[in-house]
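In: need a structure here:
(2 chains)
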Amino acid sequence: MSVAPTGHLNLEESPSRGSRSVDCFEKLEQIGEGTYGQVYMAREIKTGEIVALKKIRMDNEREGFPITAIREIKILKKLKHENVIKLKEIVTSQGPERDEQVKPGSTDGNKYKGSIYMVFEYMDHDLTGLADRPGMRFSIPQIKCYMRQLLTGLHYCHVNQVLHRDIKGSNLLIDNEGNLKLADFGLARSFSNDQNGNLTNRVITLWYRPPELLLGTTKYGPAVDMWSVGCIFAELLHGKPILTGKNEPEQLNKIFELCGAPDEVNWPGVSKIPWYNNFKPTRPMKRRVREVFKHFDRYALELLERMLTLDPSQRIAAKDALDAEYFWNDPLPCDPKSLPKYESSHEFQTKKKRQQQRQNEELAKRQKLQHPQPHVRLPPIQHTGQAHPQVRSGPNQPMHNSQSQHPVVAGPSHHYGKPRGPSVPNRYPPSGNSVGGYNNPSRGGYSGSQYPPHGRGPPYATGAMPGTGPRATGNAYVVGAPNYPQGGAPYGGSGGGRGTNMMGGNRNSQYGWQQ
Amino acid sequence: MASNFWTSSHCKQLMDQEEVDVVPALDRERGLTLEEFKLIKMHMANNIWKLAQHAKLRQRVVATAVTYMRRVYTRKSMTEYDPRLVAPTCLYLASKAEESTVQARLLVFYIKKIYTDEKYRYEIKDILEMEMKILEALDYYLVVYHPYRSLSQLLQDAGMKDLTHLSWGLVNDTYKMDLILIYPPYMIALACIHIASVLKEKDSTAWFEELHVDMNVVKNISMEILDFYDSQNLITDERMTNASLNKLALK
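Out: Modelled structure (predicted):
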């Protein structure tokens, strides 16, 4: 091995140990824009494997390797679970890349001009992007399936003493096997069980942020993630985000309007939380969860009530949520593999288009402030016993079984050059994503993967289960465009899109506030 | 940070003493002996500790930084990776990894305060460049386990909390050796308890027997620690370190 002159990197030789070069990959398409860099879909040249490359931007770093990236790498190197995104490796580029414009003005102390990429397994969608597809409507077994995977992954994190601290739809990635994985651990932290550590309360995207953080607590634990899960759960069933504050006081107020005002009775100790006196409601407020979501089924409501519990110490833990009746009553969660395959929902294209989109978002946001628009994301059918004149192929059905009769209204929101695998004709019967196994309520521990056999049976139009099936069937739906911008920037993209105002600039200021 | 040492990268990366005691080829070519190699590492561990004192960093950060530094030198030569730069950079990186961030410019400021010797005076950009190289050398594995947590638990279990101070100091000193690269942290903690109990004439035999650990390993570690204390009297002279470093013809 040769030695570089003092003060220079030895760039001639590839490291004998450690990182490969990013040149091992061929970038195909930018699929996201994160806070600390772009995300690309790429192909490993040697194997042809499709991966996601998340670039760690170095040029603006006065403090070297970003601590957010250090946190994420530390945690991802530790977590190995089917519901947690897998960090395959880290690759580097030596110096500016071909497709990169060197900014002449970057005069920071850091002269290391190379880049670092985190290599992840490629995932086709994120939950928000998927839910916001025009005409998309999840079935109840599908929602249960996603929720169960979310809780399983989160339980694993919590057992390993990791708080995710940014659970939201765009950070839940979904592949075409129906697998859901937690991603973007850029805000994640390890915690100790005694909860004595002082942690920052400025985490979690505003709409999904629990009341204790909004009230300024710095001692918290896994319950913060469970609040976010509750918000997502309700959002999936309700068809739109449920607590959409524009700023912190408004967010808190929305929470109180839904969950009632906190007091020493329903939340012992709340009056000692730093900002309680600043924010405590001036008028009495009743808990209205059951009223607002009365269209949810009984077990869903029961579980939601326990997730959206104000007092974090009484909020349900991931482990207990997995044991909830909801997951063990009909319709049972479906097998991920039985879920439909959708065309990729990374709606990211060119920079130009992105800017255009941002402008539109701004516009939409401004308009929304003045004229709240009706939401058009479609909630699943909640009630049983509805008439289903047209059960065979609603637009929520995957494109592969509805192509001929019901072309999917909006085109794919991604552009990979060649669409991959959209035409898997009739691999699953039309009922593939819905009911089944109604007579097989086999229960086990939550970890037992006892999926009911289903999806291979007759389509539900055969009349086998019109009585029980409707809650999961596709009805005739109105199709429209999503009414709010999507933040579909998985692998850590939280720039732009939903809740942009939520983190403020906190996420980028890596020092000082984060403990 | 993690809950389970046994599934950690730290556990998988444990090495044999013989593997750790290899002078990198480049350094060997320049005449560096194993003793000098070890001496420099010890000296740099001291430097990290000193710098951390100024920057008011926790012991845990120091321990992690020293572990990084020692790991780097199982893979890289001192000729290419100047220990006088690697040491503060490891502290810088460890401060991030252990959530006790210190700014690079502050470290540089303290370095200039502590050292008059030009050869120790590196700038911010040097540290940031070296940080990348160290991250690569470590293969981005940043989680390190230390004996401190097991130490407290074990002392509690043994009902020998009065040995805390002494055994804690012993654990601190183990970072002047490569033990953390070779043995599981709880075994190092046990060895320190063993030494402390002998020094304080506390009978811990029964308690150790109940633990069902390999006492040979505990005793081996203890012997190494005691040998180190014996030898240290001979080599504390800083000039010796500098003489060794000069062989490498660095900066």
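In: Tell me, what's the model's pLDDT at the residue in the stretch 151-300 of chain A that chain B sits nearest to?
Out: For the stretch 151-300 of chain A and chain B, the shortest gap (Cβ to the nearest Cβ) falls at residue A:190, measuring 4.0 Å. The C-beta positions use only the backbone N, C-alpha and C, and glycine is treated the same way. Listed pLDDT for residue A:190 reads 84.
In: May I have the beta-bridge partners of it?
Out: Note on residue A:190: beta-bridge partners residue A:162, judged by DSSP bridges.
In: Pretty sure it sits against residue A:162.
Out: Yes. At 5.6 Å, residue A:190 and residue A:162 qualify as touching, with contact defined as Cβ atoms under 8 Å.
In: With neighbour numbers in mind, choose between these two.
Out: residue A:162 (28 against 19; other Cβ atoms under 10 Å in any protein chain shown).
In: anything in contact with each of residue A:190 and residue A:162?
Out: Overlap of the contact sets of residue A:190 and residue A:162 (by Cβ atoms under 8 Å, 6 or more residues apart in numbering or on different chains) consists of residue A:75.
In: For the stretch 1-150 of chain A, give me the ranges with low pLDDT.
Out: Residue ranges of the stretch 1-150 of chain A with pLDDT under 70: A:1-18, A:34-36, A:59-61, A:95-114.
In: swap the cut-off to 90 and go again
Out: A:1-21, A:29-39, A:56-64, A:66-69, A:71-72, A:77-78, A:92-116, A:129, A:131-137 (pLDDT under 90).
In: where do the helices sit along it?
Out: Secondary structure of the stretch 1-150 of chain A (DSSP state H, counting those that start in this stretch): helices at A:67-78, A:127-131, A:140-159.
In: Can you list the helices and strands that the first one packs against?
Out: When you say that, I think you mean helix A:67-78. strand A:87-93, strand A:115-121, helix B:83-97 (3 or more Cβ pairs under 8 Å, 6 or more residues apart in numbering or on different chains; DSSP states H and E).
In: Specify the next element, helix or strand, located C-terminal of the last one.
Out: Counting by DSSP states H and E, the element after helix B:83-97 in chain order, helix or strand, is helix B:104-114.
In: That next one: what's the following helix or strand?
Out: Taking DSSP H and E, what comes next after helix B:104-114 is helix B:124-137.
In: Quick one: work out the angle between that following helix and strand A:87-93.
Out: Interaxial angle of helix B:124-137 relative to strand A:87-93 (axes from the mean of the first three to the mean of the last three Cα atoms, to 10 degrees): 140 degrees.
In: Helix B:124-137 near chain A anywhere?
Out: Yes. For helix B:124-137, a contact with chain A is found by Cβ under 8 Å from any Cβ of the partner chain, at B:124, B:125, B:126, B:127, B:128, B:129, B:131, B:132, B:133, B:135, B:136, B:137.
In: so after that helix, what's the next helix or strand?
Out: helix B:147-158.
In: how about the helix or strand where residue A:319 lies: buried residues?
Out: According to DSSP H and E, residue A:319 maps onto helix A:318-322. Using 16 or more other Cβ atoms under 10 Å in any protein chain shown as the test for burial, helix A:318-322 gives A:318, A:319, A:321, A:322.
In: can I assume the last one is in contact with residue A:151?
Out: The reference is to residue A:322. Yes. Using Cβ under 8 Å, residue A:322 is in contact with residue A:151, at 5.1 Å.
In: And the residue of the stretch 101-250 of chain B that's closest to chain A?
Out: residue B:136 (3.7 Å).
In: distance of that residue from residue A:120?
Out: Separation of residue B:136 from residue A:120 (Cβ to Cβ, to the nearest Å): 19 Å.
In: the more surrounded of the two?
Out: Per other Cβ under 10 Å, whichever of residue B:136 and residue A:120 has more neighbours is residue A:120, with 23 against 19.
In: do you know how far that one is from chain B?
Out: As judged by Cβ to the nearest Cβ, to the nearest Å, residue A:120 and chain B stand 14 Å apart.
In: who's that residue bridged to?
Out: According to DSSP bridges, beta-bridge pairing links residue A:120 with residue A:52, residue A:87.
In: Is the residue lying closest to residue A:341 once chain neighbours are set aside part of a helix or strand, or is it coil?
Out: Nearest non-adjacent residue to residue A:341, counting by Cβ to Cβ, 6 or more residues apart in numbering or on different chains: residue A:176, 4.4 Å away. With DSSP: H, G, I helix; E, B strand; the rest coil as the basis, residue A:176 sits in coil.
In: Would you mind listing which of the residues of helix B:124-137 next to chain A are buried?
Out: By 16+ other Cβ under 10 Å, the residues of helix B:124-137 next to chain A give B:124, B:125, B:126, B:127, B:128, B:129, B:131, B:132, B:133, B:135, B:136, B:137 as buried.
In: Residue B:193: which of the residues of helix B:124-137 next to chain A is nearest?
Out: Using Cβ to Cβ, residue B:137 comes nearest to residue B:193 of these, at 32.9 Å.
In: rewinding a little: any chance of the helices and strands packed on helix A:67-78 in CSV, plus distance to residue B:46?
Out: Shown next, in CSV, are these (distance: least, Cβ to Cβ, whole Å):
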stretch, distance to residue B:46
strand A:87-93, 31
strand A:115-121, 31
helix B:83-97, 9
